[in-house]
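Colleague: below are the sequence and a predicted model; questions follow.
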Amino acid sequence: MVAFGFFGHPHQGLLCTHTPSFVNNNKEGFQAASRCIIRQHWSFCMFGILSGSGKARYSRKTMVKVLGICTTILLLNIALLAWLWAIAVEHFTVPVEYNGPPHQRGHKPPYPGDTMDNLWWFIHISDIHISRFRDPSRTTDFQKFCTNEIDIIKPEVTIVTGDLTDAKDWDHVGSKQYEIEWKAYHNAIKFGHVQEKTVWIDIRGNHDAFKVTHKTHSVNYYRRYSAMGEKGDTTFMYQHKLPFGTYSFISVNAILDPGPGRPFNFFGYIGKDDIEKLEHYVDESHHSNHTMFFGHYPTSTIIGEQFRLNNALSQGIAYLCGHLHSLGGMIPNMKALQKTGSLELEVEDWKINRMYRVMAYDHDLLSFNDVNFGEWPVVLITNPKRARFMAPKHEPVDKMIHSTHIRFLLFSPSPITLATVAIDGVDLGPAKHVEGPLYVLPWEPAKFMDGLHTITVTAKNAAGDVTNTGYRFSLDGSRPMQWFAASLFLMGDITCGLQFLCIFVGFWFVLSLPVVRWLTKSSAGYRHHGLPRSLVVLVHNNMYLYSILGIAIYPLIGPWCIGEIIEGHYGASTLLGLYVNGTFIPETFSYAVVFVDILLFQLPMTIYFALHLDCYQPTVSNGSITMKSNRRAKRPLCLCSSVTSFACLVSMFIWKIYLCYSAYACYGTLALFTSKDLWTMVFVLLLRSKLVRSKQYYREMNGNGQTS
């Protein structure tokens, strides 16, 4: 008789075979057992499947049907993805049309001319990441920025949108607040006397909130060492008042409170209190010349009151942010005009790229230029404005038609010796210096009323530094297509995107295995080799199939770990977020972890076990229990399969070891020992151990059977 179990004596293997008591280890006993099994019409088929006497063998017609279904499903998925891609390209690249009335100040003087009237400028910088463990030049360069750049550019306002410090451990995995980093930031702005030269507005980023129990906790060094202090640790408004108008700046506070440690602190959350404050300040700023919002997180990475947030931001000309670091420099122009008619402008980070942004309001037309630290001269063209970033809903773009001069700002530590302008490749001559950084050149807008045109400014200083800056402008409302990648990450919803990827990939992964099992009915008689054969064999092994499905489903429903989520407080991590200190913190970065886990662990694990299980499937042949073929018994895996198997094994364990170490480094020892990744790895090792022991057992059986 044959019974099936799981863990036990090595001779039970994957298929626990209890032979009658007269069976012993010699050749005669083995043959007797084999004849007994055959006489009783038992099917000795691995994975607990009764193969019968050829009843489950596939016909060519059956296999054509299976392949046809699989091909149809594949084509449907390709068609679906192509359709979604076409919709995405159109949605994110087609310029946003404005069909509302012209701006009320568009045809009213004053117009851009040859004076300094109605002109002022400011700076935006983000993600400084002062660190005690790496790249000391971040700090020294920032100190120079606070002295040199601020002295030369003389911005009236400087906005710093978070991640003032790095707050990462030496291994770049764990996180905590280091007071020495905050002191370094404080000293830079203090000894640079920035608060005497400009209105310095600095807010917290997600790194500045790592493992901060609550805003008033002692480890919230932001309140002690920042320029804004307690006032900047919430939603607030600053109004910059000038003789020609008032300009409002409103912060968007989406920092998690309490602030968990890495890695589940990537997405921001705006709650009811902060959104109500935001809406209140929006109402107060209605009579401003312009309202501009700023925060650390791009809107695509903020969860919570998303609809109300978008509605509030639509009342301002732009939202300034950081956080994404231009995706490691892969998308250097993360700027887009939202469907609401407002700009969203992410600035590249100071941490690696040493970037900052110079912005100006010239007759209420907003212009900006992203600049590398230490590069001179800095050029900022203010009239005509760049066509790509026109916001006719909020700014009087028609003033360009009535303007008399091309206008641009030049900033340099040494005197400017050359400043020329060209449009569409035609040199218009040298510009005239008015005062301060302003240079002008007369022009006739009527000559450029149709379509897009290219303006280029060339500036040279006494030190021999040369800068060429140019872009396309239009006076009839024409605009180029938006950058697809930038628009995708700024106009899209990253949370929904990650959830879709996780659900889509997870659904097909979990569903595909039972579907293959249902379509194939049995693994016996399937004579083709390779991965398809191996997967068929795998899905008909109850133990391995259900183990793989359980490993895939658990992260969706169970806790991931229990550990010190924030300083001095223990909590639990799940797919939906973190529960700590009596508070549930929604977090969607976990969906990205699940997606990567499927690619780097679950899929390789499935392939690995499929290849090895297929190699050691026993069958009954000529009255003895033997391998599928003598050739495969001698060399279980071909070279290609061996390499694939080894790559899968390496991918599985490197990824899981990294996750285990991350759990330990981020949330402590308890998190390691309660981590789902640790116990998943242990369980997989047990499955592999059982596979190895069963392999040895079947080889012994095959050897005895062949010599009978």
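Modeller: Received, thanks. Residues are numbered from 1 along each chain as shown.

Colleague: contact partners for the closest residue to Ile557 other than its chain neighbours?
Modeller: Closest residue to Ile557 apart from its sequence neighbours, by C-beta to C-beta, 6 or more residues apart in numbering: Leu575 at 7.8 Å. The way it works is simple: take the backbone N, C-alpha and C, and place the C-beta from them, glycine included. Counting by C-beta atoms under 8 Å, 6 or more residues apart in numbering, Leu575 touches Pro555, Leu556, Ile557, Trp560, Ser590, Tyr591, Val594.

Colleague: make CSV out of those and add neighbour count and secondary structure.
Modeller: As requested, the contacts of Leu575 are exported to CSV (neighbours: other C-beta atoms under 10 Å; DSSP: H, G, I helix; E, B strand; the rest coil):
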residue, neighbour count, secondary structure
Pro555, 22, helix
Leu556, 14, helix
Ile557, 8, helix
Trp560, 24, coil
Ser590, 22, helix
Tyr591, 23, helix
Val594, 22, helix
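
Colleague: quick check: the farthest pair among the residues you listed?
Modeller: Greatest spatial distance among these (C-beta to C-beta): Ile557 and Tyr591, at 14.0 Å.

Colleague: which residues of the stretch 401-550 of the chain fall in helices?
Modeller: 484-491, 494-520, 531-539, 542-557 (DSSP state H, counting those that start in this stretch).

Colleague: again with the stretch 1-150 of the chain
Modeller: 27-39, 60-93, 137-144, 150-153.

Colleague: between the ones you listed, which gets the lowest average pLDDT?
Modeller: Within these, the stretch with the lowest mean pLDDT is helix 27-39, showing a mean of 41.

Colleague: so Thr420 makes contact with Val426?
Modeller: No - the pair Thr420 / Val426 is not scored as a contact, 11.4 Å apart, by C-beta atoms under 8 Å.

Colleague: ok, these two, which is more surrounded?
Modeller: Using other C-beta atoms under 10 Å, the more surrounded residue of Thr420 and Val426 is Thr420, with 17 against 7.

Colleague: spit out the contact partners of the closest residue to Leu488 other than its chain neighbours.
Modeller: Leaving aside its chain neighbours, Leu488 sits nearest to Phe92 (5.2 Å; criterion: C-beta to C-beta, 6+ apart). Phe92 sits next to Ala336, Gln482, Phe484, Ser487, Leu488, Met491, Gly492 when contact means C-beta under 8 Å, 6+ apart.

Colleague: test my guess that the last one contacts Pro298.
Modeller: When you say that, I think you mean Gly492. No - applying C-beta under 8 Å, one finds Gly492 not in contact with Pro298, separated by 10.0 Å.

Colleague: just the contacts of Leu575 now: which is nearest Tyr471?
Modeller: Of these, the one sitting nearest to Tyr471 (C-beta to C-beta) turns out to be Tyr591, at 37.3 Å.

Colleague: against Cys502, how distant is the closest one?
Modeller: 4 Å (C-beta to C-beta, to the nearest Å).

Colleague: just Met481 next, same as before
Modeller: Met481 is 30 Å from Cys502, by C-beta to C-beta.

Colleague: which of those two has more residues huddled nearby?
Modeller: Looking at Met481 and Cys502 with other C-beta under 10 Å, you find the greater number of neighbours at Cys502, namely 23 against 12.

Colleague: is it true that that one touches Val596?
Modeller: No - in terms of C-beta under 8 Å, Cys502 does not count as a neighbour of Val596; the distance is 9.7 Å.

Colleague: contacting residues for the closest residue to Phe122 other than its chain neighbours?
Modeller: Nearest residue to Phe122 in three dimensions, chain neighbours excluded: Val157, at 4.0 Å (C-beta to C-beta, 6+ apart). Val157 is in contact with Phe122, Ile123, Thr198, Val199, Ile201, Tyr238, His240, Phe249, counting by C-beta under 8 Å, 6+ apart.

Colleague: follow-up on the earlier one: TSV please, covering the helices of the stretch 401-550 of the chain and showing mean pLDDT.
Modeller: Putting the helices of the stretch 401-550 of the chain into TSV (pLDDT from 0 to 100) gives the following:
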stretch	mean pLDDT
helix 484-491	91
helix 494-520	81
helix 531-539	78
helix 542-557	89
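
Colleague: tell me which of those helices lies nearest to Tyr471.
Modeller: Using C-beta to C-beta, the helices of the stretch 401-550 of the chain put helix 484-491 closest to Tyr471, at 15.2 Å.

Colleague: the closest one: how far from the chain's middle?
Modeller: 12 Å (C-alpha atoms, centre = their mean, to the nearest Å).

Colleague: against which helices or strands is it packed?
Modeller: Where contact means 3 or more C-beta pairs under 8 Å, 6 or more residues apart in numbering; DSSP states H and E, helix 484-491 is packed against helix 60-93, strand 335-337, strand 343-346.

Colleague: pretty sure Leu578 sits against Phe264.
Modeller: Yes - if you go by C-beta under 8 Å, Leu578 and Phe264 touch, sitting 5.9 Å apart.

Colleague: ok, those two, which is more surrounded?
Modeller: With neighbours defined as other C-beta under 10 Å, Leu578 and Phe264 compare such that Leu578 has more, 25 against 22.

Colleague: in terms of helices and strands, where is the closest residue to the more buried one other than its chain neighbours?
Modeller: Nearest residue to Leu578, sequence neighbours excluded (C-beta to C-beta, 6+ apart): Ile585, at 4.4 Å. Following DSSP states H and E, one finds Ile585 within strand 583-586.

Colleague: quick one: contacts of that strand?
Modeller: The contact list for strand 583-586 (C-beta under 8 Å, 6+ apart) reads Leu256, Pro258, Pro260, Phe264, Phe267, Tyr269, Ile303, Gly304, Leu576, Gly577, Leu578, Tyr579.

Colleague: reformat those as a markdown table; add pLDDT.
Modeller: A markdown table is the format used below for these (pLDDT from 0 to 100):
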| residue | pLDDT |
| --- | --- |
| Leu256 | 91 |
| Pro258 | 88 |
| Pro260 | 89 |
| Phe264 | 86 |
| Phe267 | 92 |
| Tyr269 | 92 |
| Ile303 | 91 |
| Gly304 | 86 |
| Leu576 | 88 |
| Gly577 | 87 |
| Leu578 | 90 |
| Tyr579 | 90 |
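
Colleague: among those residues, which are located in strands?
Modeller: Using DSSP state E, the members of the contacts of strand 583-586 that fall in strands are Tyr269, Ile303, Gly304, Gly577, Leu578, Tyr579.

Colleague: most neighbours among the residues you listed, which one is it?
Modeller: In terms of neighbours by other C-beta under 10 Å, the ones in strands among the contacts of strand 583-586 top out with Leu578 at 25 neighbours.

Colleague: give me the beta-bridge partners of that residue?
Modeller: Going by DSSP bridges, Leu578 is paired in beta bridges with Ser573, Ile585.

Colleague: please list all residues in contact with it.
Modeller: Pro260, Phe264, Ile565, Gly571, Ala572, Phe584, Ile585, Glu587.

Colleague: reformat those as CSV; add distance to Met681.
Modeller: Output for the contacts of Leu578, formatted as CSV (distance: C-beta to C-beta, whole Å):
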residue, distance to Met681
Pro260, 24
Phe264, 21
Ile565, 22
Gly571, 23
Ala572, 20
Phe584, 28
Ile585, 27
Glu587, 24
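
Colleague: nice, that's everything, thank you.
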